[in-house]
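1. Next come a sequence and a model predicted from it.
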Amino acid sequence: MTAHKGRGATSNGESRRFNLPERQADGDWLDASEAIDGEAPRLRTEVSVEHPRTIIARNQSPDIAFSQSINAYRGSEHGCIYCFARPTHAYHDLSPGLDFETKLFAKPDAARLLRTELMKKGHVASPIAMGTNTDPYQPIEKDWRITREVLEVLAETRHPTFITTKSDRILRDIDLLADLARDNLVAVMISVTSLDPKIARTLEPRAPHPDRRVAAIARLAEAGIPVSANMSPIVPAINDHEIESVVARVAAAGARDVNYILVRLPHEVAPLFRAWLAEHYPERAGKVMAMIRDIRGGRDNDPNFGSRMKGQGVWADLIRTRFRRARRQAGLGGEPLTLRSDLFRPPEGAQMRLL
């Protein structure tokens with residue numbers, strides 16, 4: 001396998017979970033394997049338009065703090081090798097590997113669909129989460145601006161929202177975020193996986209530099225927008241040595257709290273992650289996977305509610321203890337933020353409101 005510059009996965013791998021036929025070479029750019037100047041050819045990003053019938057996804061998971069979410073995009077150009085959303089690309093007969101980060105889907109009807117759904121009498125104005133599956137501020141948002149259009153509808157209707165991102169591109173929308181924050185209608189979480197540029201570049205090749213993410217935390221905090229940080233994921237023997245430094249750095253920048261998630265390797269993510277380890281960290285690949293299996297009860301992944309987020313065993317306990325101590329030393333861990341939902345007003349339809 002050959003690493004592709006600026007991409008996370010080393011290959012497309014295989015995906016047979018949905019009984020899809022094995023991908024055959026058809027002469028397109030993905031089939032090019034000749035190295036150029038000793039490197040694999042650069043892969044361009046392609047964006048297709050998706051027209052879903054609805055835009056709000058709902059879940060009843062007992063270990064997720066939200067029941068409603070919006071994903072403006074499918075796939076992620078950030079190329080995070082650990083992304084648990086990678087297997088969803090198989091629904092489109094695309095690989096969770098390089099396809100996931102190069103063949104993206106945009107939903108330009110998102111704001112219109114949201115407006116329609118918010119007009120329904122049965123809609124409950126609980127916080128809508130963005131960035132839970134793929135990043136709402138990945139590079140293509142610069143041109144498509146779908147996330148901003150969704151935020152404009154949420155601001156108009158005074159609807160609460162949670163936003164998770166690893167991009168400082170969120171600062172472009174600081175005007176809308178500040179407006180929502182004045183009524184306690186928004187909370188932002190910035191993912192800071194590592195402060196080491198080399199580690200960040202291999203884990204998340206097209207995500208912004210760690211310093212830019214920390215600077216975004218500071219800007220948001222200065223603007224009065226509730227912002228916290230997320231060290232997600234923690235990968236044993238890769239970035240766990242940075243727990244204390246990451247917590248201290250984001251706290252100094254103005255984060256009101258910081259959380260973490262242990263690395264998860266569902267379905268096709270596990271073999272992609274193993275190939276990534278062999279490419280970038282061959283000297284410790286065996287150690288990393290042994291620690292992950294210890295955390296996941298002897299398997300590459302634990303899909304069970306509750307334990308899938310916390311892990312088990314000595315390594316999970318050690319990480320949990322270190323993280324709690326680091327938060328205490330940084331003065332974090334106060335009362336959890338609760339967003340308001342009583343200000344919601346359905347959008348106007350064809351007939352304007354009288355009052």
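-> Received, thanks. Numbers count the residues shown, from 1 in each chain.
2. Tell me, please, where in the chain the pLDDT is lower than the cut-off.
-> 1-42, 62-65, 306, 349-355 (pLDDT under 70).
3. Let me see the ranges of the strands in it.
-> For the chain, the strands defined by DSSP state E occupy 46-49, 56-58, 68-70, 73-74, 103-106, 128-130, 161-165, 186-191, 227-234, 258-262.
4. Could you export those strands to CSV, including columns for mean neighbour count?
-> Every C-beta, even on glycine, is put in place using the N, C-alpha and C of the backbone. Converted to CSV, the strands of the chain look like this (neighbours: other C-beta atoms under 10 Å):
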stretch, mean neighbour count
strand 46-49, 12
strand 56-58, 14
strand 68-70, 22
strand 73-74, 23
strand 103-106, 20
strand 128-130, 25
strand 161-165, 23
strand 186-191, 25
strand 227-234, 23
strand 258-262, 20
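5. Quick one: closest of the ones you listed to residue 146.
-> Among the strands of the chain, the nearest to residue 146 by C-beta to C-beta is strand 103-106 (6.3 Å).
6. Centre of the chain to the closest one, how far?
-> For strand 103-106, the separation from the chain centroid amounts to 15 Å (computed by C-alpha atoms, centre = their mean, to the nearest Å).
7. Which stretches in the protein count as helices?
-> Secondary structure of the chain (DSSP state H): helices at 98-102, 110-118, 141-144, 146-157, 174-181, 197-203, 210-222, 243-253, 269-280, 285-295, 307-310, 313-329.
8. Of the ones you listed, flag the one that's most buried.
-> Neighbour counts (mean count of other C-beta atoms under 10 Å) averaged over each of the helices of the chain peak at helix 98-102, with a mean of 26.
9. So which elements touch that helix?
-> With contacts defined as 3 or more C-beta pairs under 8 Å, 6 or more residues apart in numbering; DSSP states H and E, helix 98-102 has no helix or strand neighbours.
10. circling back to that earlier point, got the helices of the chain as JSON lines, with distance to residue 77 columns?
-> Formatted as JSON lines, the helices of the chain follow (distance: least, C-beta to C-beta, whole Å):
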{"stretch": "helix 98-102", "distance to residue 77": "6"}
{"stretch": "helix 110-118", "distance to residue 77": "18"}
{"stretch": "helix 141-144", "distance to residue 77": "10"}
{"stretch": "helix 146-157", "distance to residue 77": "14"}
{"stretch": "helix 174-181", "distance to residue 77": "22"}
{"stretch": "helix 197-203", "distance to residue 77": "15"}
{"stretch": "helix 210-222", "distance to residue 77": "16"}
{"stretch": "helix 243-253", "distance to residue 77": "24"}
{"stretch": "helix 269-280", "distance to residue 77": "16"}
{"stretch": "helix 285-295", "distance to residue 77": "25"}
{"stretch": "helix 307-310", "distance to residue 77": "26"}
{"stretch": "helix 313-329", "distance to residue 77": "29"}
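11. Between those, which one is closest to residue 263.
-> Comparing the helices of the chain against residue 263 with C-beta to C-beta, the closest turns out to be helix 285-295 (6.4 Å).
12. Tell me, how many residues neighbour residue 54?
-> Around residue 54 sit 10 other residues, with neighbours defined as other C-beta atoms under 10 Å.
13. out of the helices of the chain, nearest to residue 131?
-> helix 146-157 (8.8 Å).
14. which one is residue 86 nearest to, not counting chain neighbours?
-> residue 96 (3.7 Å; C-beta to C-beta, 6 or more residues apart in numbering).
15. Against residue 242, how distant is the one you found?
-> Relative to residue 242, residue 96 is positioned 27 Å away (C-beta to C-beta, to the nearest Å).
16. Between those two, point out the one with more neighbours.
-> Set residue 96 next to residue 242 and count neighbours by other C-beta under 10 Å: residue 96 wins out with 27 against 19.
17. For stretch 288-295, which outside residues touch it?
-> 235-238, 262-263, 265, 274, 277, 281, 299-300, 311-316 (C-beta atoms under 8 Å, 6 or more residues apart in numbering).
18. State the distance from the residue nearest to residue 86 to residue 61.
-> From residue 96 over to residue 61 (counting by C-beta to C-beta), the distance is 21 Å.
19. swap in residue 146?
-> To residue 61, residue 146 is 25 Å away according to C-beta to C-beta.
20. Ok, residue 225 next?
-> For residue 225 relative to residue 61 (C-beta to C-beta), the value is 27 Å.
21. what do you get for residue 209?
-> From residue 209 over to residue 61 the distance is 32 Å, taken as C-beta to C-beta.
22. and what of residue 300?
-> Residue 300 is 21 Å from residue 61, by C-beta to C-beta.
23. Of these two, which one has the most company?
-> Between residue 300 and residue 61, counting by other C-beta under 10 Å, residue 300 is the more crowded of the two (17 against 11).
24. Not counting residues beside it along the chain, what's closest to that one?
-> Closest to residue 300 by C-beta to C-beta, 6+ apart is residue 270, at 4.2 Å.
25. Distance-wise, check that neighbour relative to residue 277.
-> Taken as C-beta to C-beta, the span from residue 270 to residue 277 is 11 Å.
26. Relative to the whole chain's centre, how far out is stretch 141-149?
-> 16 Å.
27. Stretch 47-67 now?
-> On C-alpha atoms, centre = their mean, the centre of stretch 47-67 falls 14 Å from the chain's centre.
28. got it, and stretch 131-143?
-> Stretch 131-143 sits 9 Å away from the centroid of its parent chain (C-alpha atoms, centre = their mean).
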